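one predicted model, sequence on top.
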There are 2 protein chains.
Amino acid sequence: MPKKRLGPSDRIYPMPCPLVVGGTMEQADTLAVAWIGIASGTPPTVGMALRNSRRTLELIRETGELTVNIPPTSLAAEVDFCGITSGRTTDKFTATGLVLEPGVSLSTPMITQCPYNLECRVVQELELGEYVFVIAEIVDSHAEESVLDETGAKVDVGKLDPLVYIAGSREYCGLGEKLADAYTIGKRFREADGS
Amino acid sequence: MPKKRLGPSDRIYPMPCPLVVGGTMEQADTLAVAWIGIASGTPPTVGMALRNSRRTLELIRETGELTVNIPPTSLAAEVDFCGITSGRTTDKFTATGLVLEPGVSLSTPMITQCPYNLECRVVQELELGEYVFVIAEIVDSHAEESVLDETGAKVDVGKLDPLVYIAGSREYCGLGEKLADAYTIGKRFREADGS
C-alpha cells in the first residue's frame, strides 16, 4: 500500500486530553492539554507542552505545582470549552460548573467531576519554540471508588471511560472494547521463535 | 463520590503505543513506547521516555534520528512482543514479520505495516531518574492512502484504527465512536455565559 508524504506533523494517535489546573482554591485556572505524556517512571513524572501565553501556566509558575485531571467522556463539552476559552476573560469554573476540591498532598486544587487526578510538583521547564515543556513529578494520585477495579488499588478503564482527543480531524472519542492483555499477547511470537 | 488516595502514579489515560525505530536499514531495532507525547508545535516535536538500557536508544544515539510508527489494532501482538523482548537477543523483525522500509527525509527506516509514520531528528536528551527523555523534531510524516480522509491531506482516525494502551491494568484496546467535534462542542458554554 503506497504512502503519501504529509510533511512535518504534530500528530500522534490517540492523545489523552486531561484538564490541567494551576493555582490555589482562591485563584485557579484550567486548560485542556492533549500534548502530555509520562516523561519518567522513577520518580513518576509527567511532561506537557503549554503555550507560553496561557494564564494557567502563570499560575503553575506561582506555586510550582499543577494537577492533571482525567475527564470522562461525559465532560467533552466542558473540556472543549476549557481548551478554547481564556481564563483571562472568563471564569471557566463558573461557566461550565466544574468544581474544584482541595489538593491532598499539594496546594493546587483538583477537579471534582474528573474521577482520576494527579498531584504534581514542577521540576523543570524547557523552552521549545513557542511552547514551554513543563516537567512535573507526580507525587500523589486519587481515584473515585466508582472507577476502581475489584482490587480497589487500580483504575478500571472501562469504568473511568476517559475522553480521547484525535488531532488533525479535531474530534473527541471514547475507548473501544479491550482487545488483549499487554505483556501477554506478544508471547506468541516468542514461542514461534523457539526462544 | 469519595476519592481514594493511590499515591505516586505513572498513569494517565489513555496512552498511544507506537513502535519507535532506531538505526538504519542495515541494523535497526524497535520498541513499543507508551510514554510519548507531543512536546512542542513549533517546530513539531515529540518527547518520549526510554529506559537507558534499551538497544533501540543506543541505535537512536548513533544516528541522532528515530521514527515513530502508529500501529493499527491488528498489530497488538506484534507491538506487545516488541515491548517485552530485547533486541539484543532476538531480531524482532524476523520474529514478528514486521517489515522495514527506507526513510524518506532521514536514514532511519519506518515500519511498513504501520500506516502512519513520523520521521524525527533528536534535538535534546534529558536524564530523568532511570529514564532518558528523548526530544525529537518531527521533520516529516507519511500515511497510507487507505487511512486518509476524503481531502487526502489528513488521517481519518476510524480508518487508522490505532492501538491504544491502558496503563495499570496493562491492556490494549481500540477507539470507540466519535463523540463530538473539538473546538465546537464547548461553545455551548460560551453562549450560556453570554460571552
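Thanks, I have the structure now.

where do the strands sit along chain A?
A:3-5, A:15-16, A:19-23, A:28-32, A:36-41, A:44-51, A:65-70, A:100-101, A:110-111, A:116-128, A:131-144, A:164-166, A:171-181 (DSSP state E).

redo those as a markdown table? Include distance to chain B, mean neighbour count and mean pLDDT.
Heads up, the C-betas are built off the backbone N, CA and C, glycines and all. As requested, those are arranged in a markdown table below (distance: least, Cβ to the nearest Cβ, whole Å; neighbours: other Cβ atoms under 10 Å in any protein chain shown; pLDDT from 0 to 100):
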| stretch | distance to chain B | mean neighbour count | mean pLDDT |
| --- | --- | --- | --- |
| strand A:3-5 | 4 | 15 | 97 |
| strand A:15-16 | 5 | 22 | 98 |
| strand A:19-23 | 11 | 28 | 98 |
| strand A:28-32 | 9 | 24 | 97 |
| strand A:36-41 | 3 | 24 | 98 |
| strand A:44-51 | 4 | 24 | 98 |
| strand A:65-70 | 5 | 27 | 98 |
| strand A:100-101 | 8 | 18 | 98 |
| strand A:110-111 | 8 | 26 | 98 |
| strand A:116-128 | 4 | 20 | 97 |
| strand A:131-144 | 4 | 23 | 98 |
| strand A:164-166 | 5 | 25 | 98 |
| strand A:171-181 | 4 | 17 | 97 |
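
so who does the closest residue to residue A:15 other than its chain neighbours touch?
Nearest-residue entry for residue A:15: residue A:34, 4.1 Å, with adjacent residues in sequence omitted and distances by Cβ to Cβ, 6 or more residues apart in numbering or on different chains. Applying Cβ atoms under 8 Å, 6 or more residues apart in numbering or on different chains, one finds that residue A:34 lies in contact with A:15-17, A:165, A:167, B:38.

do the same with residue A:47
So residue A:47 contacts A:36-39, A:133-136, B:37, B:39, B:47, B:133 (Cβ under 8 Å, 6+ apart).

try residue A:54
residue A:31.

over to the one 4 residues further on?
Counting by Cβ under 8 Å, 6+ apart, residue A:58 makes contact with residue A:22.

how close does it sit to chain B?
Separation of residue A:58 from chain B (Cβ to the nearest Cβ, to the nearest Å): 19 Å.

do residue A:103 as well
11 Å.

quick check: phi and psi at that residue.
With angles defined as degrees, to the nearest 10, residue A:103 sits at phi -60, psi 160.

does it touch residue A:109 like I think?
Yes: when contacts are counted by Cβ atoms under 8 Å, residue A:103 is listed as touching residue A:109 (5.8 Å).

joint contacts of those two?
residue A:67.

so those two - more neighbours on which side?
The neighbour count for residue A:103 versus residue A:109, taken as other Cβ atoms under 10 Å in any protein chain shown, is higher for residue A:109 (24 against 21).

ok, so what distance separates that one from chain B?
Where chain B is concerned, residue A:109 sits at a distance of 13 Å (Cβ to the nearest Cβ).

how about the contacts made by the residue lying closest to residue A:41 once chain neighbours are set aside?
Of all residues not flanking residue A:41 in the chain, residue B:10 sits nearest, at 4.9 Å (Cβ to Cβ, 6+ apart). Neighbour list for residue B:10: A:38, A:41, A:44-45, A:138, B:35, B:167 [criterion: Cβ under 8 Å, 6+ apart].

farthest pair in those residues?
Greatest spatial distance among those (Cβ to Cβ): A:45 and B:167, at 13.9 Å.

per-residue confidence at residue A:155?
Residue A:155 is assigned a predicted lDDT (pLDDT) of 96.

oh sorry, the question was meant for residue A:191
Confidence score, pLDDT, at residue A:191: 62.

give me the common contacts of residue A:45 and residue B:167.
A:38, B:10.

pick the one among the contacts of residue B:10 closest to residue B:148.
Of the contacts of residue B:10, the one sitting nearest to residue B:148 (Cβ to Cβ) turns out to be residue B:35, at 28.0 Å.

kindly provide the distance from the closest one to residue B:21.
Distance, residue B:35 to residue B:21, using Cβ to Cβ, to the nearest Å: 16 Å.

about what we covered before: next, give phi and psi for the residue nearest to residue A:15.
Per degrees, to the nearest 10, the backbone of residue A:34 is at phi -90, psi -20.

which residue ends up closest to the midpoint of chain A in space?
By Cα atoms, centre = their mean, the mean C-alpha position of chain A lies nearest to residue A:18, the distance being 3.2 Å.

isn't that residue right up against residue A:36?
Yes: at 6.5 Å, residue A:18 and residue A:36 qualify as touching, with contact defined as Cβ under 8 Å.

list residues touching both of the two?
A:68, B:12.

quick one on the thing from earlier: pLDDT wise, what is the residue nearest to residue A:15 at?
98.

residue A:169 contacts residue B:158, correct?
No: in this structure, residue A:169 is not within contact of residue B:158 by Cβ under 8 Å, at 9.1 Å.

more neighbours: which of the two?
Neighbours were tallied for residue A:169 and for residue B:158 using other Cβ under 10 Å; the higher tally belongs to residue A:169 (18 against 15).

any idea how far that one is from chain B?
6 Å.

so who does that residue touch?
Residue A:169 sits next to B:149, B:154-157 when contact means Cβ under 8 Å, 6+ apart.

same question for residue A:49.
Counted by Cβ under 8 Å, 6+ apart, residue A:49 has contacts A:33, A:35-36, A:128, A:131-134, B:37-41, B:45.
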